[in-house]
Structures are given as C-alpha cells and as structure tokens.
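**Q** I'll drop the sequence and a predicted model, then ask my questions.
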Amino acid sequence: MPTVAANIRRGRLTPLGWGGLIFGALIMVAPLLWTLLLSLKNNSELVGHSGAALHGPYTFENYVAIFGNSLTTRWLLNSAIVALGQTAGVLILASLAGYAFARLEFPFRRTLFVIVLLGLAVPSQAVILPQHELFAWLHLHNSYPGLILPGLVAPFGVFFMTTYMRGIPRELDEAAMLDGASRWTIFWKVIVPLTIPAQSTLAVFTFLGAWNDYWWPLISATRSDMYTLTVGLAAAQMNYAQTSGLGYLMAQAVFASIPIFIVYIVFQKQIVRAMAGAALQ
Amino acid sequence: MASLQLTGIRKSFGATPVLDDINLTLEQREFIAFLGPSGSGKSTLLRIIAGLESADSGEVWLEGRRIDTLAPGERGIAMVFQHYALYPHMSARENMAFGLKNARVSKDEIDRRIAAAAAVLEITPLLDRKPAEMSGGQRQRVAIGRALVKEPKLFLLDEPLSNLDAALRLRTRVELAQLKQKVDAAVIMVTHDQAEAMTLADRIVVINDCEIQQVGPPMEIYSRPANSFVAQFVGSPAMSLLPATLVEGREFASLKLGDGSVVHTKVPLAGLPGGELRLGLRPEAVRVTDTKGTTKAKVDLVERLGERTLIYAHLAGGQQIIGEDEPYSQVRLGDEVQLAIDGESAHLFGPDGVAFHRADA
C-alpha cells in the first residue's frame, strides 16, 4: 500500500487525508503561534486574561525591551560562541578520528573503536558529577572552554564519520599516494571534500544539540553573564515571569528560537536526509 | 640499462603465500602483461611495484635506482586503477593536475602537459567536467591522462579494460596499442584476459600459484607453453589434455590414447620419461572429417562462432576433447564423428606438467 508521503508526491490524496494532515499540522503549529501572539501583546493586557492575545492591538514593545536588557544579547552571544565552538570542534575531531579509524593501522585500533562505541551507551547524566568536579578543579566553570569542552566528546560523531569514510573507496587514497600526496594532503584534499554531506549533517545536529543544551550550562555557568540563552531564559522565567509579564517572556522565547529556525531553513535538505538515513538503517 | 628489475620478491598475507621468489627484468619501453587467473598474485605484484604493498623480501629497481624503500609518490611510477579512482569532487583538469601540484610543478608546465595529454587522448572538451558527468570510457581516458601528465618512467595498468563493455573494450585495446608507441616509458598491465595480453604486450608473464610460470613473447607462450598450466590458460578454448602412453617409435614420440588410437607427434623421443604422459591438442589440431580419422568421439556440444564451429566431444575412454569444423557444420549434439588429429602440432607434457617441445617449435 502506498504511504501518505508517496501519495502526496503523486498529487493523490483524498479530502480525508488532507484533513488529517492539516489537523496534525495545526497541533504542531498552535503552541508556536500562541507563543508568537503572546509575545506581541502588551504585558498589562495579558495580566487579566491571556486570551487577549487572540486580538489586537499588537506591539513590538517586548522585543524592544529584550534589547534594553543587556544580558539577553550577552546570552545570545554566549550561546552562539558555545554552539559554533562545539560544532567546529566536533567536526574537526570526529573527522580526524574517523579517518584514523577508517584508514590507519595502529595498535589497539579495534579496542579503541569499541570504547568509543561504548561511549554512545553512557548517558551524560551518569558522569555529570565527576565532570563537574573535574571542571571545578581545572577552574573552568564560568568560562567558554568550560561550556564548550564537554560537548566535544562526541562518540556518535566519531562513529558517524568512521562509517562514512569507510565507504569511500580506498583506491582514491592509493591514487593520491601515487600522486605524491602526504597523509595530510590525502585527508584534507581528497577525503574531507568527499565527506561534506556527512559533515553538514553532523554540523546541524551538533549545533542544534549545543544550542538547546540546558543541563551542563546550568551547572557550569553560575554567573549570569556566562549564561547561555536557554539557562538565561529559564532564570528569567523563574524570577521575572510574574512581574515583567508573560508577553516579555514569550518574546524572549521567540527571540531564542530564531537562530534554530534559520538553521532549519538553511539545512532543511541535510536534516531530512539525515532523518531518512537514520530511519532506513 | 634495464627499466624495471625485480629480484627475489616474496610476499605472504598471514600464513598464505602470495608470491614466491619473483625475478623479472623489463627492457626500456617494453610493454609487459601479467597474465594469470584471479588470486594468482599478479595484482599483488603490481601493487608491490607501485609501493601500495610492501614485499616481505626482495628488491625493486627502476632505471638503476632502488625504489622499494621509497614512498609510492617518489618512485616515478604512474598507475591507472581498475575502477579509475578519479577524485569525484575534482574536474578532469584538477584530477590531472593534482599529482603535478604535489610535485610542485609550475602552473604553466601543468597547463602545457594537460593540454598535450588531453589532445592525445581527445578529452579536451571534457576537461572541466567532473567524473560523475562522464561515461565509463571517458573516465578511463581521464585516468590514463592523469598518468600520462606525470611523465613517469613506468606505467602500471590494473585490469584497464575490465570495466568497459565489449565494443568499447576492443576500441580501447587498439587505442592503448597506439598509445604505447607514443610514450617513452615501460608499461606493465595486469589482466586475466589473454586476448588483451596477446594483442598488447611485447612479452607476457604468466603467473600462477605464487610463481612466474613462463615469460615470453605472446606467440612463444602460445606455441611453446612451458607447462600444462600455461598451455591450458593461454588459448581459447583451452587446449585439450589427454592421458596417453608412449609407444615405441624411432626418432619422434608416438602416443596411444585411452581408446587405443595412436598419434604420431614431432616431439623427439630422446629424454622422454616412461609411463603416463599427457598429449596437448589445440582445437585447430583436431578436425572433424568425413573419411576415417585418427579416432572417433561423441559430440557433447556444438558451438557456432561464425568463422568456425567448435565441437566439444568425448572419446570412447571418456576423455574430453575439443575440435573444429567448418563454419556451416552439419554435426549435431549426440553424433558420433571421426576426428583427424594433426600429431605434428601436438604438445606433450610429463607427469609433473612440464612440457617436452617439438623439434620445430
């Protein structure tokens, strides 16, 4: 039986099918729309009844207020530095490790790879206490390295790049060797360009994971100027939600999701392909 | 001075020996084919010369320089891979320039060499295309071009024609033969296709069971096979080998087949061992005849090839034999036919497979 997706591709869908899809889409979109509407309302109007968000007048004053609070932009910057730093670091480390596991012969290669794979099975919660102590001992709390470094331990990234690179024919490495290329040239000029689809998939997931991460920044960043956006917004919710108002809080939420939104739009193809790939395997 | 020299090359993968004491010398500008069945070690030998595998022992010398201790890129060798191994993300031009850039050749010189190679191979319009935008034949030309521009001392071709369809394979074979005239380097081609080896090579190196079985010009390999393996591997269809016993003769050996018929050969009697021998007959030495022949056989298969008809049959003793008939042969499956055996072109092999050659061959 053809799937719904296949039917849509063929332009064949019954009215019932359309209705089902629209209903599903509404359920997904409604909270987002609600957030957006609330963020566009004057706070005092919402104090009485949040249903006021369903009609005008709408205002941008909450967004203006965000830029009035110096900390929000600081949190945004922190999130960007942490997410981009982790993404760049994971791509570099996972590619290098992937190449090593896929191509080089060295002692304990299999054992090390198994250890990397075991890393996939260890939940981050299980190691959070020793991790916290380690970073306290290193005096890395409340710093960018403290926020970025734990995210660089990416067993999935290493596994993903290893598998991908194993799929690249070895003849290409050999042709490059005969072309006088060094190991580094082979890695950088032949292998890495061929892994761009894998790199972009890994980059998107790493960036999203880092941007949305809450727990580690909550533990590591105790000074408000080192908060990431997720931690900062949660703190704002606890402290100011009743006083500064719901509209302001929602404006912060919308503001925080804009970068994610952009990433999704730009890398839509990679995300869908990665999801489809994961589903097929 | 010899071009390439291999001395005492040995290689095993774990406990499995792959090459055992390989010695070989190539002359300048010589085209050599390594011919052998799958798993014979011919590709491993090629990879040892290229530096992609290291030998357990032995030395490789190229134009007076020992190269087996050098990295593949420093050996002065270019290789065309079986699956071409073009870099998929680079255009044909970039593929050809890659090795030259690594060797720090000047940009003008790179451009000049690419233009010259592209003209010879007729791939100038393809230079800015990526491998995915080319046909198999075009990719192969680019792969050859990538080897040409390096102006190597030795070309290695690993099964260069095996990925092409039949028509293109024939055309490329002719083109490779023409190309060989134009390059100033020795060429080694690995193949399991004897027709390729016969048409292209100056000399063929037949490899089997980790060892070189025979080295020689194509017709010598065909007409004077050193042993029963070479005799059966070279030539299509394979030579029929029939168990036979020596009967008394004066100067040349006469042999009795299992069904009692006798074949008079031109192999000198002197030096032949007693006991069981094997008579080697190429299909063209066994003809179907209307009159009484040397022996008779029952037909198992009739293969019509157009210019001739091959008859696969078995003798009364059960031995398989392959013979020839006219293009419009009337022979049918199950017929009993008379076979005239041309004893003068028969080959003779001892119990260990070693050949005893005819006086004239």
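**A** Now that the structure is in, tell me what you want to look at. None of the values given here were measured: they were computed from a predicted structure.

**Q** now do the domain split for chain A, please.
**A** A:4-63, A:69-280 (automatic domain parsing).

**Q** can the longest one be found next to chain B?
**A** Pointing back at domain A:69-280 there. Yes: applying CB under 8 Å from any CB of the partner chain, one finds domain A:69-280 touching chain B at A:169, A:171-172, A:174-181, A:185, A:189-190, A:193-194. The C-beta positions use only the backbone N, C-alpha and C, and glycine is treated the same way.

**Q** three-state assignment of the residue in the stretch 201-350 of chain B positioned nearest to chain A?
**A** Going by CB to the nearest CB, chain A is nearest to B:I207 of the stretch 201-350 of chain B, at 21.0 Å. What DSSP: H, G, I helix; E, B strand; the rest coil gives for B:I207 is strand.

**Q** same check, this time on B:I9
**A** strand.

**Q** and for it, the neighbour number?
**A** 23 (other CB atoms under 10 Å in any protein chain shown).

**Q** now the one 4 residues further on
**A** If you count neighbours by other CB under 10 Å, B:F13 ends up with 10.

**Q** what bridges to it?
**A** Applying DSSP bridges to B:F13 gives these bridge partners: B:T16.

**Q** how far away is B:K101 from chain A?
**A** 9 Å (CB to the nearest CB, to the nearest Å).

**Q** buried members of the residues of domain A:69-280 next to chain B into PyMOL, please.
**A** To isolate the buried ones among the residues of domain A:69-280 next to chain B in PyMOL, judged by 16 or more other CB atoms under 10 Å in any protein chain shown, type:
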select buried, chain A and resi 171+172+174+175+176+177+178+179+180+181+185+189+190+194
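
**Q** among the residues of domain A:69-280 next to chain B, which are located in strands?
**A** Judged by DSSP state E, strands contain none of those.

**Q** give the other helices and strands that the helix or strand harbouring B:V187 contacts.
**A** B:V187 belongs to strand B:186-191 when assigned by DSSP states H and E. Other helices and strands packing on strand B:186-191, by 3 or more CB pairs under 8 Å, 6 or more residues apart in numbering or on different chains; DSSP states H and E, are strand B:31-35, helix B:42-50, strand B:154-158, helix B:194-200.

**Q** can you list the domain ranges for chain B.
**A** B:4-230, B:240-356.

**Q** and B:S236, which of the three is it?
**A** Per three-state DSSP, B:S236 ends up coil.

**Q** count the neighbours of the residue nearest to it when sequence neighbours are not counted for me.
**A** Leaving out its chain neighbours, the residue that sits closest to B:S236 by CB to CB, 6 or more residues apart in numbering or on different chains is B:Q194, at 6.7 Å. Neighbour count of B:Q194, defined by other CB under 10 Å: 20.

**Q** same deal with B:N227?
**A** 18.

**Q** over to it: give its phi and psi.
**A** phi -150, psi 180 (degrees, to the nearest 10).

**Q** grab the nearest non-local neighbour of B:N163.
**A** B:G136 (5.9 Å).

**Q** may I have the phi/psi pair for that neighbour?
**A** Torsion angles, degrees, to the nearest 10, at B:G136: phi -60, psi -40.

**Q** local confidence estimate at A:H132?
**A** What the model reports as pLDDT for A:H132 is 93.

**Q** my bad, should have said A:M238
**A** Among the per-residue scores, A:M238 holds a pLDDT of 59.

**Q** what about the closest residue to B:A177 other than its chain neighbours, distance to B:K256?
**A** Counting by CB to CB, 6+ apart, B:A177 lies nearest to B:L200, which is 5.7 Å off, once chain neighbours are set aside. To B:K256, B:L200 is 41 Å away according to CB to CB, to the nearest Å.

**Q** have a look at these two and say which one is more surrounded.
**A** Using other CB under 10 Å as the criterion, B:L200 and B:K256 rank with B:L200 on top: 24 against 14.

**Q** can you give me the pLDDT of the more buried one?
**A** 91.

**Q** name the residues of stretch B:157-164 that are buried.
**A** Buried residues in stretch B:157-164 (16+ other CB under 10 Å): B:157-161, B:164.

**Q** now those residues in a markdown table, with distance to B:G8 and pLDDT?
**A** Shown next, in a markdown table, are the buried residues of stretch B:157-164 (distance: CB to CB, whole Å; pLDDT from 0 to 100):
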| residue | distance to B:G8 | pLDDT |
| --- | --- | --- |
| B:L157 | 25 | 93 |
| B:D158 | 23 | 92 |
| B:E159 | 26 | 89 |
| B:P160 | 28 | 85 |
| B:L161 | 31 | 85 |
| B:L164 | 36 | 81 |
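
**Q** may I ask which two of these are separated the most?
**A** With CB to CB as the measure, no two of the buried residues of stretch B:157-164 lie farther apart than B:D158 and B:L164, at 13.8 Å.

**Q** all strands of the stretch 51-200 of chain A, in order?
**A** With DSSP state E, counting those that start in this stretch as the definition, the stretch 51-200 of chain A shows no strands.

**Q** circling back to that earlier point, what's the least confident stretch among the domains of chain B?
**A** Of all the domains of chain B, domain B:240-356 has the smallest average pLDDT, which comes to a mean of 89.

**Q** does the spatially most central residue of chain A belong to a helix or a strand, and which?
**A** Geometric centre of chain A, nearest residue: A:L208, 0.8 Å, by CA atoms, centre = their mean. Following DSSP H and E, one finds A:L208 within helix A:196-212.

**Q** done for today, thanks.
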